[in-house]
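1. here are the coordinates; sequence isn't available:
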């Protein structure tokens, strides 16, 4: 059974940075789409970034994080990262990675994703 594990969350001051990691132990995620989502208290889940497989290379960001967040892969480590810079209090929430078993170009539409991690908390203090 494929399981996704996120790590790297924590408490950071406004303007700071964090890097989240996502991996699927025992599974090669290189050939599939990985997405990053977040959910703030009392709000709906939001798709913020996705990365297609290495061959496709397409990456997409939501307007809310474009220019501040960067998604990337390290195929040697079989991990996907979300580098978050210039964090704001409104970035606070639980961050999830998800996998779409597809070689198509990625989209930040949660309905496309079949596998989800349990999430990691990111708190940005103002």
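-> Sure, I can see it. Just so we're clear, the structure is a prediction, and the values are computed from it rather than from any experiment.
2. Quick check on the residue nearest the centre of the chain: phi, psi?
-> Most central in the chain under C-alpha atoms, centre = their mean is residue 36, positioned 2.5 Å from the mean C-alpha point. Backbone dihedrals for residue 36, given as degrees, to the nearest 10, come out at phi -120, psi 130.
3. Mind listing the residues bridging to it?
-> Beta-bridge partners of residue 36, counted by DSSP bridges, are residue 49, residue 97.
4. For it, give me its contacts.
-> By C-beta atoms under 8 Å, 6 or more residues apart in numbering, residue 36 lies in contact with 20, 22, 47-50, 69, 71, 82, 95-98. Backbone N, C-alpha and C define where each C-beta goes, glycine included.
5. Most widely separated two among those residues?
-> Spatially, the most separated pair among the contacts of residue 36 is 69 and 98, at 15.7 Å (C-beta to C-beta).
6. which residues of the chain fall in strands?
-> With strands called from DSSP state E, the chain shows them at 5-7, 10-13, 18-23, 33-39, 46-51, 59-61, 69-74, 79-84, 93-100, 115-116, 120-125.
7. so what does the last one touch, helix or strand wise?
-> Same thing as strand 120-125. Counting contacts by 3 or more C-beta pairs under 8 Å, 6 or more residues apart in numbering; DSSP states H and E, strand 120-125 packs against strand 10-13, strand 18-23, strand 93-100.
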